[in-house]
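*Asks:* sequence-free structure coming up:
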């Protein structure tokens, strides 16, 4: 009886997957400020900041490069994603179905859902590095790709289960959880960095720049790591969430916004999370390296515990949750749109379990910078397709929402655009030595041009036939 | 009652951040800072759940 009531309650959670969000369900600015600050002050921040140190980014590349890159990211959300989201008010997946057709969206959703699983998996792994501390579990090092022990696997699985249950309860619960934790989490990042500063030779503001250059971001990569320049930090910060802004995944989030200007609320996530928190976690890692050397564990939980004690370790766990929750939620939406008859909570449950298994592999954490860049690039072309469909197709005399209007299940113009853009990215990477961090910008223009050209060829040909 | 809970929550946030500034100025040591940070954490989460995200009742 109780079980039936729970199932009925979960079935009744309405997320407007196939209809526009109604006026009375729109959310105010505070929801988005809290959600972005919480989501982007997260478990990954405890990895990305230290990886910049490991890759030998200079202090100038960090302070100036991240500022510019984050500004570009905020502008992308504000001017590209939010205006479309607030005019259409439907999920990314339903929007894509109208343009690309059911079959192409099914492929996209599978790829998208898998990417979300891997990303959420890395955050579960990050949380596990903190949860495992009291049990003295052997933590992975920078060069580990495979699970390091059975204790590690059990810890990851338990963390993953808890996160999945929260994600099943839906957007409301995710948003509330992020709101509760966000102010405290941001202060923990700051406090941990302040507390280790004297050990790094910083006793006043005047000492900061010298210590930053000589002891934190020295510009010298650790053994086996590639060198990062200011271009890397600018483009990484801009494209770290490329799938969300230019790739349009956050249409699903901003469809709840009362005004398109709420897109700029992403600034809270960028400047608190991707600026202050990246710098703070970099300082913590530099402190950890100074204490233990570069050959030891790469475990964000232990790094935070060294600097801030139990509160630091707890922060890593919570930080992992607040990002993994919406990511698993998004993955659930992605997989559910393959078959709308599937119940979202059941899909999210399976998604969470797959994600937890992916999290067994520390490679998700150690190669996070490259993975984040590839993930954004793979999903970006469909964002370009949505952008062109929304703003340009009708002005060019072409049909927008082509699949819906012509009742086709696979829009070849979108399919060819996606496929060729990825192929060209691979060619740039393999034959012209363009690193993955820089593929997104030329890729967006290639995808946009391809979609217009191929749409023109296909639609004009059909018009000729009819 | 709600006001008291809110005050305790913000005291919790104070315990989270302020001691680290005292470490930076050399006033207190690392271990005391860590203890105060966990105290601040308990105060924050122990009280914030009672007032943040609570829907206002209709009159």
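*Replies:* Noted; the coordinates are in hand. Quantities reported herein were computed from a predicted structural model and do not represent experimental measurements.
*Asks:* contacts, neighbours, all on C-alpha from now
*Replies:* Noted.
*Asks:* what's in contact with the host helix or strand of residue A:430?
*Replies:* Residue A:430 is part of helix A:412-431 when elements are defined by DSSP states H and E. Helix A:412-431 has contacts (C-alpha atoms under 8 Å, 6 or more residues apart in numbering or on different chains) with A:99-100, A:104, A:377-378, A:381-382, A:385, A:434-436, A:439, A:443, A:446-447, A:450-451, A:454-455, A:458.
*Asks:* Got a PyMOL select line for the buried ones in these?
*Replies:* Buried subset of the contacts of helix A:412-431, written as a PyMOL selection, criterion 16 or more other C-alpha atoms under 10 Å in any protein chain shown:
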select buried, chain A and resi 99+100+104+377+378+381+382+385+436+439+443+446+447+450+451+454+455
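*Asks:* Let's see which of the contacts of helix A:412-431 end up in helices.
*Replies:* A:99-100, A:104, A:377-378, A:381-382, A:385, A:443, A:446-447, A:450-451, A:454-455, A:458 (DSSP state H).
*Asks:* ok, so of these, who is nearest residue A:211?
*Replies:* The closest of these to residue A:211 turns out to be residue A:377 (C-alpha to C-alpha; 35.4 Å).
*Asks:* list the contacts for the closest one?
*Replies:* A:242-243, A:422, A:439-440, A:443.
*Asks:* and the gap between the closest residue in space to residue A:315 that isn't next to it in sequence and residue A:288?
*Replies:* Leaving aside its sequence neighbours, residue A:315 sits nearest to residue A:185 (C-alpha to C-alpha, 6 or more residues apart in numbering or on different chains; 6.1 Å). From residue A:185 across to residue A:288, the span is 20 Å (C-alpha to C-alpha, to the nearest Å).
*Asks:* Comparing these two, which shows the higher neighbour count?
*Replies:* The residue with more neighbours, out of residue A:185 and residue A:288, is residue A:185; 28 against 22, by other C-alpha atoms under 10 Å in any protein chain shown.
*Asks:* Can you give me every residue that contacts that one?
*Replies:* Per C-alpha under 8 Å, 6+ apart, neighbours of residue A:185: A:41, A:315, A:318-319.
*Asks:* For it, what is the enclosing helix or strand?
*Replies:* Under the assignment here (DSSP H and E), residue A:185 is part of helix A:171-196.
*Asks:* outside of the helix or strand following that helix, which residues touch it?
*Replies:* Next in sequence after helix A:171-196, counting helices and strands by DSSP H and E, comes helix A:205-211. Here helix A:205-211 makes contact (C-alpha under 8 Å, 6+ apart) with A:59, A:200-202.
*Asks:* Around chain B, pick out the residues from chain A.
*Replies:* Within chain A, the positions near chain B by C-alpha under 8 Å from any C-alpha of the partner chain are A:176, A:179-180, A:184, A:187-188, A:190-192, A:194-198, A:202-204, A:308-311.
*Asks:* so the most centrally placed residue in chain B, which of the three states?
*Replies:* The centroid of chain B falls nearest to residue B:12 when counting by C-alpha atoms, centre = their mean (1.1 Å). Classification of residue B:12 using DSSP: H, G, I helix; E, B strand; the rest coil returns helix.
*Asks:* Which strands and helices lie in contact with the host helix or strand of residue A:319?
*Replies:* Assigned by DSSP H and E, residue A:319 belongs to helix A:300-336. Applying 3 or more C-alpha pairs under 8 Å, 6 or more residues apart in numbering or on different chains; DSSP states H and E, we find helix A:300-336 packed against helix A:29-40, helix A:45-54, helix A:102-131, helix A:150-168, helix A:171-196, helix A:278-292, helix A:344-358, helix B:30-48.
*Asks:* switch to 6 Å and redo it
*Replies:* Contact here means 3 or more C-alpha pairs under 6 Å, 6 or more residues apart in numbering or on different chains; DSSP states H and E; on that basis helix A:300-336 packs against helix A:102-131, helix A:171-196, helix B:30-48.
*Asks:* centre of the chain versus the helix holding residue A:430, how much separation?
*Replies:* 22 Å (C-alpha atoms, centre = their mean, to the nearest Å).
*Asks:* now stretch A:258-277
*Replies:* With C-alpha atoms, centre = their mean, you get 14 Å for stretch A:258-277.
*Asks:* Quick one: mean pLDDT for that stretch?
*Replies:* The average pLDDT for stretch A:258-277 rounds to 94.
*Asks:* what comes into contact with that stretch?
*Replies:* Residues outside stretch A:258-277 that contact it (C-alpha atoms under 6 Å, 6 or more residues apart in numbering or on different chains) are A:26, A:33, A:36-37, A:40-41, A:70, A:74, A:77-78, A:82-83, A:86, A:189.
*Asks:* Kindly present the residues you listed as TSV, with separate columns for pLDDT.
*Replies:* What follows is the contacts of stretch A:258-277, written out as TSV (pLDDT from 0 to 100):
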residue	pLDDT
A:26	88
A:33	87
A:36	85
A:37	79
A:40	83
A:41	80
A:70	97
A:74	98
A:77	97
A:78	97
A:82	96
A:83	96
A:86	95
A:189	90
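*Asks:* Out of the residues you listed, grab the one that's most surrounded.
*Replies:* residue A:41 (33 neighbours).
*Asks:* Without its sequence neighbours, what residue ends up closest to that residue?
*Replies:* Using C-alpha to C-alpha, 6+ apart, the closest residue to residue A:41 is residue A:273 (4.1 Å).
*Asks:* Next, count neighbours for that neighbour.
*Replies:* 25.
*Asks:* Double-check that it belongs to a helix.
*Replies:* Yes: membership of residue A:273 in a helix is supported by three-state DSSP.
*Asks:* And it, how far from residue A:184?
*Replies:* The gap separating residue A:273 from residue A:184 is 13 Å, by C-alpha to C-alpha.
*Asks:* ok, back up a step: pull out the buried residues from the helix holding residue A:430.
*Replies:* A:412-418, A:420-422, A:424-426, A:428.
*Asks:* just stretch A:290-299 next, same as before
*Replies:* Neighbour counts over stretch A:290-299 (16+ other C-alpha under 10 Å) mark A:294, A:297-299 as buried.
*Asks:* Pick the one among the residues you listed closest to chain B.
*Replies:* Checking the buried residues of stretch A:290-299 against chain B by C-alpha to the nearest C-alpha gives residue A:299 as the nearest, at 19.0 Å.
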